[in-house]
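>>> Here you go, sequence then predicted model.
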Amino acid sequence: MELKALILRAPGINRDTDAALACELAGARPERIHVNRLAEGSIRLADYALLVIPGGFSYGDHLGAGHLLAVDLIHRLGEELERFVADGRPVIGICNGFQVLVKAGLLPGPPRQSPQVTLTTNESGQFECRWVHLEPVPTSRCLFTRGIEQPIEVPVAHGEGRIAVRDEATLAELEANGLVALRYLGEEYPANPNGSPHRIAGLCNAQGNVLGLMPHPENAVLPHQHPRWTREPVRREGDGLQIFRNAVRYAASL
Ligand SMILES: NC(=O)CC[C@H](N)C(=O)O
């Protein structure tokens with residue numbers, strides 16, 4: 001049976017069709033659903049195998065990117081979301097979606113009273129838009145990066161992608177618990193586009209079924225999306241597709 005992926009829509013989210021294409025290429029059936037349809041109960045999150053919170057500028061990035069959509073989700077759909085995560089179903093938040101998951105307390109999770117981790121303005125003080133190299137962390141618990149052994153190339157496009165942690169102990173805890181899923185391949189700007197400590201590009205939860213990342217794997221699924229596609233040996237597909245395929249494969253195994 002074909003697995004259904006829920007691609008969340010909300011005011012200002014703009015990469016939902018890209019995320020839908022990535023899910024489709026990975027073998028799932030994407031449905032782009034507005035947050036209000038879920039909140040009013042006409043659509044149930046529990047009927048889906050996979051949840052994607054795409055990138056964009058939800059609610060105009062007011063009060064900090066992802067903040068208002070996080071508040072919206074927690075207040076209107078908090079229990080459903082927590083159940084979805086507890087059931088082990090895959091959730092991926094991309095860029096603005098990552099910011100939403102962090103600000104909702106779902107990453108690194110479990111929800112805590114006082115957040116230890118947040119995402120804030122890039123060290124450069126400006127919006128950063130370019131392709132970057134990412135290395136999956138082999139010791140991570142993340143199900144989305146399993147089996148990806150080589151660095152991957154995907155684009156970034158964000159203004160608030162720098163991980164900020166409460167203290168060094170929090171950072172050490174993220175590392176020790178296998179919650180760092182992806183790193184930028186290079187410490188210095190522009191390889192590390194936002195100045196995140198430990199080159200962190202993506203975090204997962206302790207169960208490994210929730211991944212948030214600043215880069216956009218959904219924009220690196222087709223060979224010709226790569227900026228050098230005419231100048232390098234022909235690719236079969238974009239590097240980012242592996243992440244979606246892993247999610248679909250895992251969801252099918254549940
Ligand atoms: N592409 C995105 O999702 C951008 C996220 C957010 N609006 C930022 O600028 O940081």
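Alright, I've got the coordinates.
>>> List phi and psi for residue 154.
Main-chain dihedrals, residue 154, degrees, to the nearest 10: phi -150, psi 160.
>>> now residue 24: how far from the ligand?
20 Å (C-beta to the nearest ligand atom, to the nearest Å). Where C-beta positions appear, they are placed from N, C-alpha and C, glycine not excepted.
>>> whoops, residue 39 was the one
22 Å.
>>> Can you tell me the SS state at that residue?
Judged by DSSP: H, G, I helix; E, B strand; the rest coil, the three-state class of residue 39 is helix.
>>> interface residues of the stretch 1-150 of the chain facing the ligand?
55, 56, 57, 61, 65, 95, 96 (C-beta under 6 Å from any ligand atom).
>>> give me every residue that touches the residue nearest to residue 59 when sequence neighbours are not counted.
Once flanking residues are discounted, residue 59 sits nearest to residue 68: 3.8 Å by C-beta to C-beta, 6 or more residues apart in numbering. By C-beta atoms under 8 Å, 6 or more residues apart in numbering, the contact list for residue 68 reads 58, 59, 62.
>>> so what pLDDT did the first one get?
In this prediction, residue 58 carries a pLDDT score of 98.
>>> Now do the same contact list for the closest residue to it other than its chain neighbours.
Excluding its sequence neighbours, the residue lying closest to residue 58 (C-beta to C-beta, 6+ apart) is residue 69, at 4.0 Å. Each residue near residue 69 by C-beta under 8 Å, 6+ apart is listed here: 10, 13, 35, 53, 58, 59, 96, 100.
>>> Tabulate those (JSON lines), appending neighbour count.
Converted to JSON lines, the contacts of residue 69 look like this (neighbours: other C-beta atoms under 10 Å):
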{"residue": "10", "neighbour count": "22"}
{"residue": "13", "neighbour count": "24"}
{"residue": "35", "neighbour count": "19"}
{"residue": "53", "neighbour count": "33"}
{"residue": "58", "neighbour count": "29"}
{"residue": "59", "neighbour count": "20"}
{"residue": "96", "neighbour count": "29"}
{"residue": "100", "neighbour count": "32"}
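>>> Relative to residue 76, which of the residues you listed is nearest.
Of all these, residue 76 sits closest to residue 35, with 7.5 Å by C-beta to C-beta.
>>> could you check the distance from the closest residue to that closest one other than its chain neighbours over to residue 39?
In space, and not counting its chain neighbours, residue 35 is closest to residue 10: 4.6 Å by C-beta to C-beta, 6+ apart. The gap separating residue 10 from residue 39 is 10 Å, by C-beta to C-beta, to the nearest Å.
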